[in-house]
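Novice: Okay, predicted coordinates and the sequence, questions at the end:
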Amino acid sequence: MVLDTLVYHIGEHTEAYPPVVHVPNVGAVYQQILAANGGKYPNVLLLPVYNGHLSGWSEEKAWIINNFAGIPIMLEVFASTGGEAAYQLTTEQIQEILDAGIDVKYVRIFEVMSYFTLPEFPSQEEYMIELLTFCKNNGIKVFWSEWSAWCLSDGIELIRGIIEGFEDIVTMGFGTNSEDLEPKEGFELLKRLGFEHWGGSVQAWYWDTRHNSTWSGYEYPSGLDYLLNMPVAWMVTHANECRDLGGQLIQFEPYWYFFGYTDGKARDSLKTLHYYLNSAMASMESSTIILQTLMGEWVNDPAKADIEWLEGRAETGWDMQPSAFDFMKMTKKYTVTCYNVGSLNPSQRLYLKVDVVAVEVLVKVLGTTLEKAALAREAMRVEVERIMHMYSVIGPPWRIGTGFLGAPRHRRIPGLKDVVISQTPSQTENASFARVTVQVKCRVFPKKTWVDVIVIKE
């Protein structure tokens, strides 16, 4: 199977959903997505969601009709709203959208089995079959996405019974906001279950889930679970894992991870995602992944905003390894940079790789004393090592419990099997700056999917 369809969530949130999210021109947003895609994938759709489906159908219908004319869409028809009742469109309501001339290529059934849970979900079977029949009669495909590995595994016979006769139009999806499985494991589960068509819902909500959010701080930059803290390198890896395993459709969300909250302008994340998704490159360099992870997880002093994060992009104007002269010209007092210093292939096996990444911290002495600069350097070194330990094999689990695979869930940096501080940090200091270099050994995931086998409990 080959990836051929991309879907981007377009969310408008006026009052009921902080922060306010406004899409001033949906057509302009769509054109930016098409430009990033560059014709690589033939089907590019938008997924409209208005106020989290909480404003009523009449208001949502008007927004869709007024903003999505001439644009192919995936219409959400059945989803959890987080409240007592699900959002559930009738076939008559879907027909209203079709009659308005909106080009509905897919409908989305979103997390309904995860929402109702298996004991309650069979009550929806009649509705689902009516919906699938309507879609088949109208030439519409269906994307059914779930995050619960337990529902997908234990409910597989129920799912197969519902979609029997509709296998040609149904694409089964796994959502990366799962509390049970890492994205790669979820995609492998779908592949193993043998669906004729399958794909992924690749979400920045993954970051929120991994930080056990209470939904109180995702809109604020000061919150660790702030969605824009999720490294784009992680989104790239999740998307490419789905693509490389054979997923045919990838749906991305939320809208504001890729576009400004109210200006409709694409963030760098959109261009970066497609740079890798459109090529055969499996992931970013280990050094970039480590640097972005440090940025996303940094919580102690100095504040993340006070640090110059150097990742070798030309637009920063600074190299990954700045000279002492360049460092003294920078406006910020602190710098963190990562760069690869070597790779090992044990026993020359191409499917085993260890990257050695240098994490370098510099603190200016200018304006303070050498002793205080050295103390700040030490605090930053400790923060680097804290974050790396959290993602190591011996680090603590992010969620205490049995988990779907029979073990507590551990944090992993996507694309890396393990990270470990490999030697005593080397440090230097003089009248200009205090420096420390920490070496991190990264065990890199094999690129060949047949090498990395996962066994799922029956």
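Specialist: Nice, thanks for sending it over. Being a predicted model, the structure only gives us computed values, none of them experimental.
Novice: Report the contact partners of Glu96.
Specialist: By Cβ atoms under 8 Å, 6 or more residues apart in numbering, the contact set of Glu96 is Lys61. Where C-beta positions appear, they are placed from N, C-alpha and C, glycine not excepted.
Novice: could you measure it against Val23, distance?
Specialist: Glu96 sits at a distance of 22 Å from Val23 (criterion: Cβ to Cβ, to the nearest Å).
Novice: Could you list the low-pLDDT ranges of the protein?
Specialist: Along the chain, segments meeting pLDDT under 70 span 16-18, 82-85, 117-122, 212-222, 282, 312-325, 345-352, 399-408, 446-458.
Novice: Tell me how it divides into domains.
Specialist: 5-284, 287-444 (automatic domain parsing).
Novice: most packed of the ones you listed?
Specialist: Between those, domain 5-284 has the highest mean count of neighbours, a mean of 18, where neighbours are mean count of other Cβ atoms under 10 Å.
Novice: Can you measure across it, start residue to end residue?
Specialist: 23 Å (Cα to Cα, to the nearest Å).
Novice: my read: Leu416 touches Val440, true?
Specialist: No. Using Cβ atoms under 8 Å, Leu416 is not in contact with Val440; the gap is 9.7 Å.
Novice: Name whatever forms a beta bridge with Ile307.
Specialist: Under DSSP bridges, the beta-bridge partners of Ile307 are Tyr334.
Novice: ok, it - contacts?
Specialist: Neighbours of Ile307 in contact, by Cβ under 8 Å, 6+ apart: 298, 332, 334-336.
Novice: Turn those residues into TSV, columns for distance to Phe68.
Specialist: Listed next are these as TSV, based on distance: Cβ to Cβ, whole Å:
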residue	distance to Phe68
Trp298	39
Lys332	43
Tyr334	46
Thr335	45
Val336	43
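Novice: Could you check how far Pro48 is from Arg108?
Specialist: Distance of Pro48 to Arg108, computed by Cβ to Cβ: 10 Å.
Novice: Need the overlap of contacts for these two.
Specialist: What both Pro48 and Arg108 touch, as defined by Cβ under 8 Å, 6+ apart, is the set 75-76.
Novice: Just list the residues touching Arg435, thanks.
Specialist: Going by Cβ under 8 Å, 6+ apart, the list of residues near Arg435 reads 360-363, 377, 427-429.
Novice: same thing but at 10 Å, please
Specialist: Residues counted as contacts of Arg435 (Cβ atoms under 10 Å, 6 or more residues apart in numbering) are 324, 327, 335, 360-363, 373-374, 377, 425-429.
Novice: Of those residues, which is the nearest to Ser283?
Specialist: Among the contacts of Arg435, Glu360 lies closest to Ser283 (Cβ to Cβ), at 22.0 Å.
Novice: could you point out which element follows the helix or strand where that closest one lies?
Specialist: Secondary structure from DSSP states H and E places Glu360 in strand 353-364. Sequence order places helix 370-390 as the next helix or strand after strand 353-364, per DSSP H and E.
Novice: Given the strand holding Glu360, what are its sheet partners and their directions?
Specialist: According to DSSP bridges, strand 353-364 has these partners: strand 334-344 (antiparallel), strand 433-444 (antiparallel).
Novice: Report the inter-axis angle for the first one versus helix 370-390.
Specialist: Read that as strand 334-344. If you take axes from the mean of the first three to the mean of the last three Cα atoms, to 10 degrees, strand 334-344 sits at 50 degrees to helix 370-390.
Novice: CA-only coordinates of strand 334-344 in PDB, if you can.
Specialist: Taking Å, rounded to 0.1, in the frame of the first residue of the first chain, the C-alpha atoms of strand 334-344 are listed here in PDB:
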ATOM      1  CA  TYR A 334      22.900  31.300  27.200                       C
ATOM      2  CA  THR A 335      23.400  28.900  24.300                       C
ATOM      3  CA  VAL A 336      22.500  25.200  23.800                       C
ATOM      4  CA  THR A 337      23.600  23.400  20.600                       C
ATOM      5  CA  CYS A 338      23.700  19.800  19.500                       C
ATOM      6  CA  TYR A 339      25.800  18.200  16.800                       C
ATOM      7  CA  ASN A 340      26.700  14.700  15.800                       C
ATOM      8  CA  VAL A 341      30.300  13.700  16.500                       C
ATOM      9  CA  GLY A 342      30.200  10.100  15.200                       C
ATOM     10  CA  SER A 343      28.200   7.000  14.400                       C
ATOM     11  CA  LEU A 344      28.800   3.300  15.000                       C
END
